[in-house]
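K.L.:
please work out how this folds:
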Amino acid sequence: MILTRLDIVKEIKKGNISITPFNESMLNPNSVNYRLDYDLLEFDDVLDAKVKSCPKKIVMDENGYTLKPNKLYLANTFEKIGSKKYVTQLIGRSSLGRLGLFLQVTAPIGHVGTFHNWTLELKVVQPLKVYPLMRIGQVTFWKIKGRKNITYAQGEYKKFEQAQISKFYKELK
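P.N.:
Numbers count the residues shown, from 1 in each chain. Alright, predicted model coming up:
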């Protein structure tokens, strides 16, 4: 079951959900908007899953940056987001999807117990200019059914505050 706006606010006040910084103007009926941070990692169109990737780092200013098709971009949320009680789901905004931005297509679900700046996957079908601190996506919070017996406390990507490249190459050695 997804939390509504009123329940999200109650759970933030109880400390069960954390969004830092939090601004009530970012609330939607059943989600909270999150913003794009300043840094992007840009990958060429050919990657090898067995090799550690070496992306180009881009630091945006107020003029933004134009994302290009046939490239993969990683960024991170400006806000630190997490919950010790609920499953987070990071999704895109339909208004940006209608401009050709695909966001968090393969990894939208966060684990209970995580609290950090989330790495975002961005891909565009046509050139699209993005800006730091723009509202790029939404986070929802879902109740768990069943007993919670583990958390993501030791997860591979949990400890980072900047976008992280895939560590899949470690599995293929």
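
K.L.:
going forward, measure contacts and count neighbours with C-alpha atoms only.
P.N.:
Fine.

K.L.:
where along the chain do the helices fall?
P.N.:
Using DSSP state H, the helices found in the chain span residues 5-14, 94-97.

K.L.:
is it possible to get JSON lines of these that adds mean neighbour count, distance to Pro55 and mean pLDDT?
P.N.:
Shown next, in JSON lines, are the helices of the chain (neighbours: other Cα atoms under 10 Å; distance: least, Cα to Cα, whole Å; pLDDT from 0 to 100):
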{"stretch": "helix 5-14", "mean neighbour count": "15", "distance to Pro55": "36", "mean pLDDT": "97"}
{"stretch": "helix 94-97", "mean neighbour count": "14", "distance to Pro55": "24", "mean pLDDT": "93"}
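
K.L.:
Throw those helices into JSON lines and include distance to Phe141, thanks.
P.N.:
Converted to JSON lines, the helices of the chain look like this (distance: least, Cα to Cα, whole Å):
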{"stretch": "helix 5-14", "distance to Phe141": "8"}
{"stretch": "helix 94-97", "distance to Phe141": "18"}
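
K.L.:
tell me what the helix or strand of the chain at the bottom of the mean pLDDT ranking is packed against?
P.N.:
Ranked by mean pLDDT, DSSP states H and E, the weakest helix or strand in the chain is strand 109-110, scoring a mean of 81. Packing partners of strand 109-110 (3 or more Cα pairs under 8 Å, 6 or more residues apart in numbering; DSSP states H and E): strand 87-92.

K.L.:
how about 10 Å then?
P.N.:
In terms of contacts (3 or more Cα pairs under 10 Å, 6 or more residues apart in numbering; DSSP states H and E), strand 109-110 is packed against strand 72-83, strand 87-92, strand 135-142.

K.L.:
quick one: that strand to chain centroid distance?
P.N.:
9 Å (Cα atoms, centre = their mean, to the nearest Å).

K.L.:
with stretch 105-113 instead?
P.N.:
For stretch 105-113 - counting by Cα atoms, centre = their mean - the centre lies 8 Å from the chain centre.

K.L.:
could I get the buried residue list for that stretch?
P.N.:
Buried positions in stretch 105-113, judged by neighbour count with 16 or more other Cα atoms under 10 Å: 108, 110-113.

K.L.:
Asn28 contacts Arg5, doesn't it?
P.N.:
Yes - assessed by Cα atoms under 10 Å, Asn28 is found in contact with Arg5 at 6.3 Å.

K.L.:
mutual contacts of the two, please.
P.N.:
Common contacts of Asn28 and Arg5, defined by Cα atoms under 10 Å, 6 or more residues apart in numbering, comprise Thr140.
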